[in-house]
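Enquirer: sequence first, predicted model second:
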Amino acid sequence: MSCELRRRSRLGVMIDKSLGAADDLRRQVRARLSEGRLPFVDGVSKSHRGTGRPCIVCRRAIDPTEVERELDGVVVVLIAHEACYALWREESKTRRDSSI
Ligand SMILES: [Zn+2]
């Protein structure tokens, strides 16, 4: 018996299809924001070419062919894909507006 065909990553780290993944990612961002595992996007960010470091949002490396977002004013430097950043910022705003 082989279960290799149906093997899936529980953490979603190996998601390689882009369709459906965005919704998944949004759910993850929302959950992590509400659990305090991801800081709210606030303040200034810079965008530049990726350096191969992992994105804080989706945890995939940001290739030099992609745009990397770097956030200032946080204790550690946070970087994210342009698209992930947009999603993250959106969810940050939504959370902040709805809570308190
Ligand atoms: Zn990302």
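Expert: Sure, I can see it.

Enquirer: any stretches of the chain with poor pLDDT?
Expert: Along the chain, the parts satisfying pLDDT under 70 run over 1-19, 73-76, 99-100.

Enquirer: show me the helices in the chain, by range?
Expert: Under the criterion DSSP state H, the chain carries helices at the ranges 21-34, 82-98.

Enquirer: could you dump the ones you listed to CSV with distance to the ion and mean neighbour count?
Expert: The C-beta positions use only the backbone N, C-alpha and C, and glycine is treated the same way. Converted to CSV, those look like this (distance: least, CB to the ion, whole Å; neighbours: other CB atoms under 10 Å):
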stretch, distance to the ion, mean neighbour count
helix 21-34, 8, 15
helix 82-98, 3, 17
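
Enquirer: centroid-nearest residue for this structure?
Expert: Nearest to the mean C-alpha position of the chain, by CA atoms, centre = their mean, lies V57 at 1.6 Å.

Enquirer: surely it touches E82?
Expert: No - applying CB atoms under 8 Å, one finds V57 not in contact with E82, separated by 10.6 Å.

Enquirer: for the residue nearest to the centre of the chain, give its distance to the ion.
Expert: The gap separating V57 from the ion is 5 Å, by CB to the ion, to the nearest Å.
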